[in-house]
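Chemist: any chance you could fold what I've pasted below:
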Amino acid sequence: MKKTKGNIADISKKYQVRLLEEKDILIVYSLCRKNKLYYDFCPPFVTPESIEADMAALPPGKTANDKLYLGYFDNDNLTAVMDLILGYPDEETAYVGFFMTDVSVQGKGVGSTIISEMSQFICSQGYSDIQLGWVKGNPQAEHFWLKNGFIVTGKLYDMDDYTVVEARKNMVIPVTEENLSDAARIHSVSWQESHRSFCSGDFIEKHTIEHQKEFIIEKMKNGSKFYLLYDKEPVAIVSVKDELIEDLYVLPVQQNKGYGTQLLRYVVAGIQKRKQLPLLWILENNDGAKRLYLRNGFVPSGNIKHIIEKLDEVEYIYER
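Modeler: All right, here's what the predicted structure looks like:
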């Protein structure tokens, strides 16, 4: 079971995030009681006692170590509350049991920013999916979650006073025959862009989408697993074979948005789960890759491979 509470402060760049405790019940109540629309669709109305119960509530098979009941603070002001269960309903999924922002920030993009950052955090911990539910008929909730990339699964759950609509967001998806063309397109476009400065034009042009499709197929036959990162659309690709990370490419138009870091951390978490040491090789002249990997806990091992005249590959290993 993958779980973490150690990096909670890193969940958001804009807000201070921490675990909420019993002493925080009244400020959570103050935030929640102003969201009357939510409780019109999802009764009963909030009380301090119901918040205390929610702080301890767990789904079947889960323990307190899997639960993150989080507060997002702007200075000392509570801006949002989230109840997050790791590894539920399966080991690859994190479950959002509750999310609410203060009424003063609603409609200003705050909630979407928090969900985007949370998605990156969840992915970096080795979870590929997020699942949640909203009350059927609540237009505000439905609009918000659909806007943030969640897709209705078709499952409905009848409660005593309302019906819950189940939805999921798939962030990382294994490459299969169905999405192979997307994988090859990202690999081709990104590879060409990253090698353009030191490879001949003819060599660059050989790496077409069809060429990279055959490359991916051949590597998969030899044991590599490829993954696509999605943010509504596929934006990045990576491959893993045992402890070796390769083929990390982000579409040029999607670079500098954190996607490379997100996908890298996802595969690192998976390798560590198998009790292996993540490693990779990069071209010595790839300064952008060096910065990415150094920033994310990789260091040179001292191993070097000669590729072509005056160009070597350098091995990096994970030490964080």
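Chemist: in the chain, where is pLDDT below threshold?
Modeler: Across the chain, the stretches falling below the confidence threshold (pLDDT under 70) are 1-6.
Chemist: mind listing the strands for it?
Modeler: Secondary structure of the chain, counting by DSSP state E: strands at 16-19, 67-74, 77-86, 93-101, 129-135, 151-158, 163-170, 172-174, 225-231, 233-241, 244-250, 279-283, 298-308, 311-318.
Chemist: of these, which is nearest L31?
Modeler: For the strands of the chain, proximity to L31 was assessed by Cβ to Cβ; strand 77-86 is nearest, at 5.4 Å. Placement of C-beta: from N, CA and C, glycine included.
Chemist: packing partners of that closest one?
Modeler: Helices and strands touching strand 77-86, as assessed by 3 or more Cβ pairs under 8 Å, 6 or more residues apart in numbering; DSSP states H and E, comprise helix 25-32, strand 67-74, strand 93-101, helix 110-124.
Chemist: hey, C-alpha coordinates of the third one in PDB?
Modeler: This file holds the C-alpha atoms of strand 93-101, laid out as PDB (Å, rounded to 0.1, in the frame of the first residue of the first chain):
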ATOM      1  CA  THR A  93      -6.600   5.300  -6.700                       C
ATOM      2  CA  ALA A  94      -7.000   8.200  -4.200                       C
ATOM      3  CA  TYR A  95     -10.500   9.100  -3.100                       C
ATOM      4  CA  VAL A  96     -11.800  12.600  -2.500                       C
ATOM      5  CA  GLY A  97     -14.500  12.100   0.100                       C
ATOM      6  CA  PHE A  98     -15.100  15.800   0.700                       C
ATOM      7  CA  PHE A  99     -14.000  19.100  -0.800                       C
ATOM      8  CA  MET A 100     -15.200  22.600   0.000                       C
ATOM      9  CA  THR A 101     -13.900  26.100  -0.400                       C
END
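Chemist: sorry, back to before: indicate which one of the strands of the chain is closest to I186.
Modeler: Of all the strands of the chain, strand 233-241 sits nearest to I186, with 4.8 Å by Cβ to Cβ.
Chemist: name every strand pairing with that closest one and say which way it goes.
Modeler: strand 225-231 (antiparallel), strand 244-250 (antiparallel) (DSSP bridges).
Chemist: now tabulate the ones you listed in JSON lines and tack on distance to Y88.
Modeler: Output for these, formatted as JSON lines (distance: least, Cβ to Cβ, whole Å):
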{"stretch": "strand 225-231", "distance to Y88": "21"}
{"stretch": "strand 244-250", "distance to Y88": "27"}
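Chemist: now the ones you listed as TSV including distance to H143 and mean neighbour count?
Modeler: Conversion of the strands paired with strand 233-241 to TSV gives the following (distance: least, Cβ to Cβ, whole Å; neighbours: other Cβ atoms under 10 Å):
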stretch	distance to H143	mean neighbour count
strand 225-231	19	20
strand 244-250	29	21
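Chemist: of the ones you listed, give the one that comes closest to K34.
Modeler: Using Cβ to Cβ as the criterion, the shortest distance between K34 and the strands paired with strand 233-241 is 31.2 Å, found for strand 225-231.
Chemist: distance from the chain centre to that closest one, please.
Modeler: A distance of 11 Å separates the C-alpha centroid of strand 225-231 from that of its chain, computed with Cα atoms, centre = their mean, to the nearest Å.
Chemist: and if you look at stretch 72-89?
Modeler: A distance of 16 Å separates the centroid of the chain from that of stretch 72-89, by Cα atoms, centre = their mean.
Chemist: report the buried residues of that stretch.
Modeler: Neighbour-count burial for stretch 72-89, counted by 16 or more other Cβ atoms under 10 Å, picks out Y72, L78, T79, A80, V81, M82, D83, L84, I85, L86, G87, Y88.
Chemist: now swap in stretch 92-108 and tell me
Modeler: For stretch 92-108, the buried set under the neighbour-count rule, 16+ other Cβ under 10 Å, comprises T93, A94, Y95, V96, G97, F98, F99, M100, T101, D102, V105, Q106.
Chemist: can I get the strands of the chain in a markdown table with distance to D40?
Modeler: As requested, the strands of the chain are arranged in a markdown table below (distance: least, Cβ to Cβ, whole Å):
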| stretch | distance to D40 |
| --- | --- |
| strand 16-19 | 29 |
| strand 67-74 | 24 |
| strand 77-86 | 18 |
| strand 93-101 | 14 |
| strand 129-135 | 9 |
| strand 151-158 | 18 |
| strand 163-170 | 15 |
| strand 172-174 | 36 |
| strand 225-231 | 32 |
| strand 233-241 | 35 |
| strand 244-250 | 43 |
| strand 279-283 | 52 |
| strand 298-308 | 50 |
| strand 311-318 | 49 |
